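**Student:** could you work out the structure for the sequence below:
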Amino acid sequence: MTQASNQTLVSHFILLGLFTHSPLHLFLFSVIMVMFVMALSGNGLMVLLISVDSHLQSPMYFFLSWLSLMDLMLISTIVPRMATDFLLGHGYISFTGCGIQILFFLTLLGDECFLLAFMAYDRYVAISNPLRYSAVMSRVCWLMVAGSWLFGLVDGLIQAVFTLRFPYCGSQETDHFFCEVPAVLKLACADTSLYETMIYVCCVLMLLLPFSVISASYLRILVVVLRMRSADGRQKALATCSSHMMVVSLFYGAAMVTYMRPQAYHSSKQDKVVSAFYTVITPMLNPLIYSLRNKEVMGALRKLLGKCPCAGGSLG
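**Tutor:** Numbers count the residues shown, from 1 in each chain. Model (predicted):
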């Protein structure tokens, strides 16, 4: 009865945030906001270029446009709220609002996990069977994107619902800058060990399963590339795949550190830094990694800006 009554009294959490108002943290906050603007601009530009340029209509760019859209939504779920809390000097978030943020964040996180796996498979098909690439992938592109959203939504719903079903009592201060499940669970006044086990199982499915698909795809790609007789072909294949592997390493590395460690090994400071990495830094870096290392994207950008109208065609 006491736990139930305590739970009904909880109307909000208090997010302690990522920064204080010291000069150093004011500078770091400014850096984060610059990254936010860069992420919005870069990912928005990628979506625009892929949608308007006829040379960027292959399945690879279809997936890339969805990755950029997911990054836009992911960073917009976290940073505006964090900035508002910092500027207002408090981080009050309602119990319901916290649940909604968990739902959106984990849905988008799961979406990206599976989308990156499908993008690895796309590269495998393109390199191992280039003549049938468009025919094979065109039939399954939308199914793969829909599957990514479905798996992500199921994971987000499960974790949001179960996290908010725990009774919360005592301190309502969450040492984080958004409602992330490991940070919120620290405030629960009940045994969460069984739920932590469930989270671990979900993480195995949402992180290790797609990562296994990525690893298997790139091992097979490596075998195909080593058998290529053309040095130019090997270089082009490795350049395309290396961009994807950089994104995978940044995203999966940070996510695994947060969601695959036991609760007892979580440190608030470490968790906040790692979370900032895949909620702010990775969405900002993704369009830079893909665009700066991709001649077709740079050609489409020059074409859009009107500096070199024939660039896109010459690079196709």
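
**Student:** remind me which residues of the stretch 201-316 of the chain are low pLDDT?
**Tutor:** Where the stretch 201-316 of the chain drops to pLDDT under 70, the residues are 233, 240, 261-266, 293, 307-316.

**Student:** next: the stretch 51-200 of the chain.
**Tutor:** In the stretch 51-200 of the chain (pLDDT under 70), the answer is 170.

**Student:** what about the helices in it?
**Tutor:** For the stretch 51-200 of the chain, the helices defined by DSSP state H, counting those that start in this stretch occupy 59-88, 95-128, 133-138, 141-164, 181-185, 193-203.

**Student:** can you list these in JSON lines and add mean neighbour count and distance to M246?
**Tutor:** From N, CA and C alone the C-beta is placed, and that goes for glycine too. Listed next are these as JSON lines, based on neighbours: other CB atoms under 10 Å; distance: least, CB to CB, whole Å:
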{"stretch": "helix 59-88", "mean neighbour count": "20", "distance to M246": "13"}
{"stretch": "helix 95-128", "mean neighbour count": "22", "distance to M246": "11"}
{"stretch": "helix 133-138", "mean neighbour count": "15", "distance to M246": "22"}
{"stretch": "helix 141-164", "mean neighbour count": "18", "distance to M246": "20"}
{"stretch": "helix 181-185", "mean neighbour count": "21", "distance to M246": "26"}
{"stretch": "helix 193-203", "mean neighbour count": "15", "distance to M246": "22"}
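
**Student:** kindly reformat the ones you listed as CSV containing distance to H21.
**Tutor:** Below are the helices of the stretch 51-200 of the chain laid out as CSV (distance: least, CB to CB, whole Å):
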stretch, distance to H21
helix 59-88, 8
helix 95-128, 24
helix 133-138, 51
helix 141-164, 30
helix 181-185, 21
helix 193-203, 34
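
**Student:** quick one: closest of the ones you listed to Y290.
**Tutor:** helix 59-88 (6.1 Å; CB to CB).

**Student:** other SSEs contacting that closest one?
**Tutor:** Here helix 59-88 touches helix 23-52, helix 95-128, helix 133-138, helix 141-164, helix 282-292, going by 3 or more CB pairs under 8 Å, 6 or more residues apart in numbering; DSSP states H and E.

**Student:** what would those helices look like in CSV with distance to M60?
**Tutor:** CSV is the format used below for these (distance: least, CB to CB, whole Å):
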stretch, distance to M60
helix 23-52, 10
helix 95-128, 6
helix 133-138, 8
helix 141-164, 10
helix 282-292, 10
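
**Student:** among the helices of the stretch 51-200 of the chain, which is nearest F29?
**Tutor:** Using CB to CB, the helices of the stretch 51-200 of the chain put helix 59-88 closest to F29, at 6.0 Å.

**Student:** ok and the closest one relative to helix 282-292, angle-wise?
**Tutor:** 140 degrees (axes from the mean of the first three to the mean of the last three CA atoms, to 10 degrees).

**Student:** off-centre distance for helix 59-88?
**Tutor:** Chain-centre distance of helix 59-88: 8 Å, with CA atoms, centre = their mean, to the nearest Å.

**Student:** and if you look at stretch 15-35?
**Tutor:** 21 Å.

**Student:** now stretch 162-182
**Tutor:** On CA atoms, centre = their mean, the centre of stretch 162-182 falls 22 Å from that of its chain.

**Student:** just give the nearest non-adjacent residue to L288, would you?
**Tutor:** G42 (6.2 Å; CB to CB, 6 or more residues apart in numbering).

**Student:** contacts only, for the one you found.
**Tutor:** Residues near G42 by CB atoms under 8 Å, 6 or more residues apart in numbering: S68, M284, N286, P287, L288, S291.

**Student:** kindly report the same for A120.
**Tutor:** Neighbouring residues of A120 by CB under 8 Å, 6+ apart: V213, I214, S217, Y218, H244, V248.

**Student:** OK, contacts around the last one?
**Tutor:** When you say that, I think you mean V248. L116, A120, F211, I214.

**Student:** grab the two from the residues you listed that are most spread out in space.
**Tutor:** A120 and F211 (9.4 Å).

**Student:** so is G17 in a helix, a strand, or just coil?
**Tutor:** coil (DSSP: H, G, I helix; E, B strand; the rest coil).
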